[in-house]
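Q: got a predicted structure plus its sequence, pasted below:
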Amino acid sequence: MKKEIVLKEGFGALKFGMDINSVIEHIGKPSEVEEIGEDLEMPATVLYYEEEGISCFFENIDSEKLACINIESEEVFLFGEQIIDKSSKEIVELMRKHEIFEQTMDKEEWGEERISYEESAIDFFFTEDKLKSITIGL
């Protein structure tokens with residue numbers, strides 16, 4: 001699977017809106033499956049692919065559809081550039097180069113720095129100013 005993020009579309013062969021069976025057909029059996037948020041308005045099923053460094057989140061509203069992907073793979077690309085371990089400055093520059101400007105920055109309780117681009121549905125998480133994970137959605 002080519003590991004390119006396409007904003008608001010998906011990651012490689014994984015496209016938002018796919019059902020669980022389609023995802024399993026494309027990338028195989030997950031290393032773990034978890035049901036989360038049963039007590040919340042938006043319960044979800046999560047497929048973890050530890051070896052590939054991805055987690056796929058499926059909303060359990062009407063039917064389980066791929067809504068969010070968390071990526072920790074070293075081979076992830078955005079706009080043709082490999083991005084894991086880039087600095088926050090390099091990520092902001094990459095996004096600006098592609099005319100994506102409006103971001104928010106936060107520090108998570110667990111210590112990671114987060115840069116979010118809400119309109120593009122992408123969050124970048126940094127540890128010691130090195131990109132470690134990306135979350136994309138619709």
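A: Looks like it came in fine.

Q: for the residue nearest to residue 54 when sequence neighbours are not counted, name its beta-bridge partners.
A: Computed as Cβ to Cβ, 6 or more residues apart in numbering, the closest residue to residue 54 that is not its neighbour in sequence is residue 71, at 5.3 Å. Backbone N, C-alpha and C define where each C-beta goes, glycine included. Counting by DSSP bridges, residue 71 is bridged to residue 54, residue 134.

Q: what does residue 115 give?
A: Assessed by DSSP bridges, residue 115 has beta-bridge partners residue 105, residue 124.

Q: over to residue 82?
A: When bridges are called by DSSP bridges, residue 82 pairs up with residue 77.

Q: how close does it get to residue 25?
A: Distance, residue 82 to residue 25, using Cβ to Cβ, to the nearest Å: 27 Å.

Q: is residue 119 in a helix, a strand, or coil?
A: At residue 119 the chain is in helix, as set by DSSP: H, G, I helix; E, B strand; the rest coil.

Q: quick check, residue 63 in contact with residue 19.
A: Yes: between residue 63 and residue 19 there is a contact at 6.9 Å, judged by Cβ atoms under 8 Å.

Q: ok, the two, which is more surrounded?
A: residue 19 (13 against 9; other Cβ atoms under 10 Å).

Q: in the protein, which helix is the longest?
A: The longest helix of the chain (DSSP state H) is helix 88-97.

Q: counting by contacts, list what that one packs against.
A: Secondary-structure packing of helix 88-97 (3 or more Cβ pairs under 8 Å, 6 or more residues apart in numbering; DSSP states H and E): strand 113-117, strand 122-127.
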